[in-house]
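Colleague: Sequence and predicted structure below; questions after.
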Amino acid sequence: MEYERTRRNGWLIPLVAMATATGMYASACSDPTSPAGGARVEAEAATAEAPVVFEQERIRTAEAVIRRQIELGSFPGAALAVGVRGQRVHLSGMGRVGWTDEADFVDPEHTLYDLASLTKAVATTTAVMLLVEDGKMRLGDRVSRYVPEFSGGDKGTVTIRQLLTHTAGLRAGAANINMDAPPADVRRYLITRPLALEPGDEVLYSDIGFVLLWTAAERAAGEPLERLLQRRVWNPLGMQDTRFSPARGCTRCAPTLRLSTGEPYAGGSYDEIGRALNGRAGNAGLFSTAADLGRFAAMMANGGRLGNVRVLREETIRTFLAPQPGAGSFALGWVTYCREGKVKDPVACKDVYGIGHTGSTGTALWMDPRSGTWMVLLTNRVYTPKQEVDMTRIRRRVYERLTGQVDAG
């Protein structure tokens, strides 16, 4: 059966249904009840925050969108977490991790999804935010200060800010990567590629840019970023299942590819650069559950704090989530979703209706800056879909139903 259970792990407070006529839920300390036709609803809070009231119909309609896509064959299953600021109000799993009846059902607290480019925000950008707070890195610093081998031509003018906004002029990706080479050699090959554009000239979404950013941040930190993130972010938030590239054959992982032998490819990054760098790439390679990412999203939407744990300063989050002039829809390491639609590079998003990031495997973390509502949607849509998948449209439809926003184009 699909996931329909509630956890009590010290910082989860169950929600109970209010009067049926309201069609809404609020947090309480009594035993949880299960709303009709959906997974149990619960809120995450460790302090005496005001109870969250959330409309049941929003969750029902959002889940209906997801279930319909599962029926159509867009992806075999999905995990969904929803919350408001520092509280989670919903957690559910739908469908399976694969297309057969023998495949495991999706469990939002157990199933590990390959986050792909969502790694850029949750891992690499978060590490940079910590280092900026610590005074070990500044947004205006030249990248060559940390990575001297990144040199030649206009490379000496590239800044940390430009890497975060994809305006550094680095190439989108790289061909001819030697997948058998040691990770250190692959990293050196990637960060020494010539620039594609003049720095600051225009936006060019770049995986290589985040490989370079990871390298610079790790040197500024003086320790592996994985260790920094575990100590400062994941462990304090209770994100015990978040990790880089689990071993191939991972039984908890939703597969992303089918090998030539017919076996599912589960564990190991879907992204080529991520695979070549053993997941510690910066652009991809992170795996997590919907429950873990819900904790992270709650912290971000709550100004850097979850319960009694403060991870980031509120002013740091405001700085990094703000639209950046000359960077189109990009903030610092995050993406702003504009009500006016896609904006030209020289123009920042004027009316932000969402902030977040996505991954090519079918993952997303979005936050509504007005209401504080957030959404984590994880799928493995790249695993032999049975129809063409428009994840951009699917994500937007789910998000708009959860936030009660009209179609933003």
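Modeller: Structure's in. What do you need? Numbering: from 1, shown residues only.
Colleague: All the helices of this protein, in order from the start?
Modeller: 56-72, 118-119, 126-134, 160-164, 183-191, 207-221, 225-229, 235-237, 272-276, 290-301, 314-321, 391-403 (DSSP state H).
Colleague: got a markdown table for the ones you listed, with mean neighbour count, mean pLDDT and distance to residue 50 too?
Modeller: In short, each C-beta sits where N, CA and C put it, glycine included. Formatted as a markdown table, these follow (neighbours: other CB atoms under 10 Å; pLDDT from 0 to 100; distance: least, CB to CB, whole Å):
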| stretch | mean neighbour count | mean pLDDT | distance to residue 50 |
| --- | --- | --- | --- |
| helix 56-72 | 18 | 96 | 19 |
| helix 118-119 | 28 | 98 | 30 |
| helix 126-134 | 22 | 98 | 27 |
| helix 160-164 | 25 | 98 | 34 |
| helix 183-191 | 17 | 94 | 47 |
| helix 207-221 | 25 | 98 | 37 |
| helix 225-229 | 19 | 97 | 31 |
| helix 235-237 | 17 | 97 | 21 |
| helix 272-276 | 22 | 92 | 41 |
| helix 290-301 | 27 | 98 | 15 |
| helix 314-321 | 16 | 98 | 18 |
| helix 391-403 | 20 | 95 | 19 |
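Colleague: residues in contact with the residue nearest in space to the middle of the chain?
Modeller: When CA atoms, centre = their mean is applied to the chain, the residue found nearest the centroid is residue 118 (3.7 Å). Residue 118 makes contacts with 286, 357, 358, 359, 363, 364, 365, as judged by CB atoms under 8 Å, 6 or more residues apart in numbering.
Colleague: Out of these, flag the one nearest to residue 125.
Modeller: Residue 125 lies nearest to residue 357 out of the contacts of residue 118, by CB to CB, at 8.5 Å.
Colleague: The closest one: what's its closest spatial neighbour, skipping adjacent residues?
Modeller: Counting by CB to CB, 6 or more residues apart in numbering, the nearest residue to residue 357 once its immediate chain neighbours are dropped is residue 121, at 3.9 Å.
Colleague: Tell me how many other residues crowd the one you found.
Modeller: Using other CB atoms under 10 Å, residue 121 is surrounded by 26 other residues.
Colleague: Report the contact partners of it.
Modeller: Residue 121 sits in contact with 333, 334, 356, 357, 365, where contact means CB under 8 Å, 6+ apart.
Colleague: ok, and the most crowded of these?
Modeller: Neighbour-wise, the contacts of residue 121 (other CB under 10 Å) top out at residue 365, 28 neighbours.
Colleague: List the residues that contact that one.
Modeller: 118, 121, 122, 293, 296, 297, 356, 357, 374, 375, 376.
Colleague: about what we covered before: any chance of the helices of the chain in TSV, plus distance to residue 262?
Modeller: Formatted as TSV, the helices of the chain follow (distance: least, CB to CB, whole Å):
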stretch	distance to residue 262
helix 56-72	22
helix 118-119	28
helix 126-134	38
helix 160-164	40
helix 183-191	29
helix 207-221	29
helix 225-229	33
helix 235-237	38
helix 272-276	20
helix 290-301	28
helix 314-321	43
helix 391-403	25
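Colleague: so which of those helices gets nearest residue 245?
Modeller: Comparing those by CB to CB, helix 272-276 comes nearest, at 6.8 Å.
Colleague: By mean pLDDT, which helix or strand of this structure comes out lowest?
Modeller: strand 12-17 (a mean of 31; mean pLDDT, DSSP states H and E).
Colleague: where are the low-confidence patches of the stretch 1-150 of the chain?
Modeller: Within the stretch 1-150 of the chain, the set of residues satisfying pLDDT under 70 comprises 1-49.
Colleague: how does it look with 90?
Modeller: For the stretch 1-150 of the chain, applying pLDDT under 90 flags the ranges 1-53.
Colleague: picking up where we left off before, can I get the contacts of residue 118 in TSV with pLDDT?
Modeller: Converted to TSV, those look like this (pLDDT from 0 to 100):
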residue	pLDDT
286	97
357	98
358	97
359	97
363	98
364	98
365	98
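Colleague: so can I have CSV of those residues showing distance to residue 396?
Modeller: CSV is the format used below for the contacts of residue 118 (distance: CB to CB, whole Å):
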residue, distance to residue 396
286, 23
357, 14
358, 11
359, 15
363, 15
364, 10
365, 14
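Colleague: Looking at these, spot the one nearest residue 95.
Modeller: The closest of the contacts of residue 118, once distances to residue 95 are taken by CB to CB, is residue 363, at 15.2 Å.
Colleague: Wait, the closest one touches residue 119, no?
Modeller: No - if you go by CB atoms under 8 Å, residue 363 and residue 119 don't touch, sitting 9.5 Å apart.
Colleague: taking the contacts of residue 118 one by one, which sit in strands?
Modeller: 286, 357, 358, 359, 363, 364, 365 (DSSP state E).
Colleague: May I see the PyMOL selection of the buried members of those?
Modeller: Buried subset of the ones in strands among the contacts of residue 118, written as a PyMOL selection, criterion 16 or more other CB atoms under 10 Å:
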select buried, resi 286+357+358+359+363+364+365
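Colleague: quick revisit: out of the helices of the chain, flag the one nearest residue 338.
Modeller: Going by CB to CB, the one of the helices of the chain nearest residue 338 is helix 391-403, 11.9 Å.
Colleague: what's the angle between that closest one and helix 56-72?
Modeller: 160 degrees (axes from the mean of the first three to the mean of the last three CA atoms, to 10 degrees).
Colleague: Quick one: distance of helix 391-403 to the chain centre.
Modeller: Offset of helix 391-403 from its chain centre (CA atoms, centre = their mean, to the nearest Å): 15 Å.
Colleague: Which elements pack onto that helix?
Modeller: For helix 391-403, the elements it packs on are helix 56-72, strand 352-359, strand 363-367, strand 373-379, judged by 3 or more CB pairs under 8 Å, 6 or more residues apart in numbering; DSSP states H and E.
Colleague: how far out from the middle of the chain is the last one?
Modeller: Going back to what we said before, that points to strand 373-379. Strand 373-379 sits 8 Å away from the centroid of its parent chain (CA atoms, centre = their mean).
Colleague: partner strands of it, parallel or antiparallel?
Modeller: Within its sheet, strand 373-379 is paired with strand 77-84 (antiparallel), strand 363-367 (antiparallel), according to DSSP bridges.
Colleague: Cool, thanks, signing off.
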